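In: sequence first, predicted model second:
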Amino acid sequence: MRYPVPAAPHRVSDTIQRSRFITTVERVATVAEAEDFVRRMKAEFPDATHNCWAYVVGPPGSTGRVGMSDDGEPHNTAGRPMLTVLLHSGIGDVAAVVTRYFGGTKLGTGGLVRAYSGCVQQALAELPRTERVELARLRMEVDHATVSGLQRILPEYEAAVEAQEWGAMATFVVSLPASRADELRIAVANLTRGRATVADAE
């Protein structure tokens, strides 16, 4: 499985009716990482009126590991709108904290929803992205006559050689996107006419 994730922490700020909003977005691979990120933001902005947050751990749009908090704002005016934006962003493994310094003008529930969702949208629009790729590792034993053929096809499957040994057989340990592992197994079997041994690497 592969999907877009934040490449680096990213922060934007905005002023809406005299309230200052600071939005920080970061990549989180686990719920524990998301919770730690929220704690760090609260520690960085301890004097803020609110530190509202939301996160999605897993592929874009997945709801199995999500979290959100209004952090004292009226119910469902901050955390849920932020989560909705994250779920529809096409980005996975992502957390956002919107820090608010109240400026004296109340925004109303509709205004709060627009402010918090808009802040996250703004941050994601400028967010540097990379790709999360789940990797598999395979151990392959082939006869020496087919080594050059094997080395030629590995790049086609985005496979990188981690280790190699030369004995009675040539042994290669490779890593590649998990989604392509079965394709490579078939290709190696075809290349060696079924005489190669291919197994998951320890």
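Out: That came through, no problem.

In: please make it C-alpha for all contacts and neighbour counts, starting now.
Out: Will do.

In: give the helix, strand or coil label for residue 62.
Out: Three-state call for residue 62 (DSSP: H, G, I helix; E, B strand; the rest coil): coil.

In: care to break the protein down by domain?
Out: Taking automatic domain parsing as the reference, the chain has its domains at 2-131, 134-200.

In: from those, which stretch is densest packed?
Out: Highest mean neighbour count of these: domain 2-131, a mean of 19 (counted as mean count of other C-alpha atoms under 10 Å).

In: counting by contacts, list what the strand or helix carrying residue 199 packs against.
Out: Residue 199 belongs to strand 197-200 when elements are defined using DSSP states H and E. Packing partners of strand 197-200 (3 or more C-alpha pairs under 8 Å, 6 or more residues apart in numbering; DSSP states H and E): strand 135-142.

In: only alpha carbons, please: show the strand it packs on as PDB.
Out: What follows is strand 135-142, C-alpha atoms only, in PDB (Å, rounded to 0.1, in the frame of the first residue of the first chain):
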ATOM      1  CA  LEU A 135       8.000  -2.600   2.000                       C
ATOM      2  CA  ALA A 136       8.500  -6.300   1.700                       C
ATOM      3  CA  ARG A 137      11.900  -8.100   1.900                       C
ATOM      4  CA  LEU A 138      12.600 -11.200  -0.100                       C
ATOM      5  CA  ARG A 139      15.500 -13.700   0.000                       C
ATOM      6  CA  MET A 140      16.200 -15.300  -3.400                       C
ATOM      7  CA  GLU A 141      18.600 -18.100  -4.300                       C
ATOM      8  CA  VAL A 142      19.400 -18.400  -8.000                       C
END
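
In: what does stretch 23-34 contact?
Out: Applying C-alpha atoms under 8 Å, 6 or more residues apart in numbering, the external contacts of stretch 23-34 come out as 5-13, 37, 55, 57-58, 65-66, 93-99, 119-120, 123-124.

In: narrow those residues to those in strands?
Out: 5-6, 10-13, 55, 66, 94-99 (DSSP state E).
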